[in-house]
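> predicted model follows, preceded by the sequence.
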Amino acid sequence: MDDKEIIAQLGEENVEFKKRIEQLEKSLTAALEINESHQKYNGKLQVRIAELERDNRILSKQISDHIKNHEDKFRKAGL
């Protein structure tokens, strides 16, 4: 293989490498966009979970208070 053939082959390989790099960069960009979207969604879910946990604690206390306030009625009823 002479120098011209080697240079031509390397040129073709270079073009293929550049195409592959472009594909990988597009894939990376898409993955980063998806990651950002998921992080935002995860943040919203974390806020909602915190709200639900707070609401659950409040409801639990309300039930406990209700039971304490009506304990005698429950005992008489055999509960």
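Received, thanks.
> got a list of contacts for the least confident helix or strand in the chain by mean pLDDT?
The least trusted helix or strand in the chain, going by mean pLDDT, DSSP states H and E, turns out to be helix 71-76, with a mean of 77. Residues from elsewhere that reach helix 71-76 (CB atoms under 8 Å, 6 or more residues apart in numbering): residue 67. No exception for glycine: its C-beta is placed from N, CA and C like everyone else's.
> buried stuff in that helix?
Of all the residues in helix 71-76, not one is buried under the rule 16 or more other CB atoms under 10 Å.
> equivalent analysis for stretch 37-57, please.
So stretch 37-57, judged by 16+ other CB under 10 Å, has zero buried residues.
> centre of the chain to that stretch, how far?
Chain-centre distance of stretch 37-57: 12 Å, with CA atoms, centre = their mean, to the nearest Å.
> output it as CSV, restricted to C-alpha atoms.
Only the C-alpha atoms of stretch 37-57 are listed here, as CSV (Å, rounded to 0.1, in the frame of the first residue of the first chain):
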residue,chain,number,x,y,z
SER,A,37,-36.1,16.5,33.1
HIS,A,38,-36.0,13.6,35.5
GLN,A,39,-34.2,15.6,38.2
LYS,A,40,-37.0,18.3,38.0
TYR,A,41,-39.7,15.6,38.2
ASN,A,42,-37.9,13.9,41.1
GLY,A,43,-37.8,17.2,42.9
LYS,A,44,-41.5,17.7,42.5
LEU,A,45,-42.1,14.2,43.7
GLN,A,46,-39.9,14.8,46.8
VAL,A,47,-42.0,17.9,47.6
ARG,A,48,-45.2,15.9,47.2
ILE,A,49,-43.9,13.1,49.4
ALA,A,50,-43.0,15.6,52.1
GLU,A,51,-46.5,17.1,51.9
LEU,A,52,-48.1,13.6,52.1
GLU,A,53,-46.0,12.7,55.1
ARG,A,54,-46.9,15.9,56.9
ASP,A,55,-50.6,15.3,56.1
ASN,A,56,-50.3,11.7,57.3
ARG,A,57,-48.8,12.9,60.7
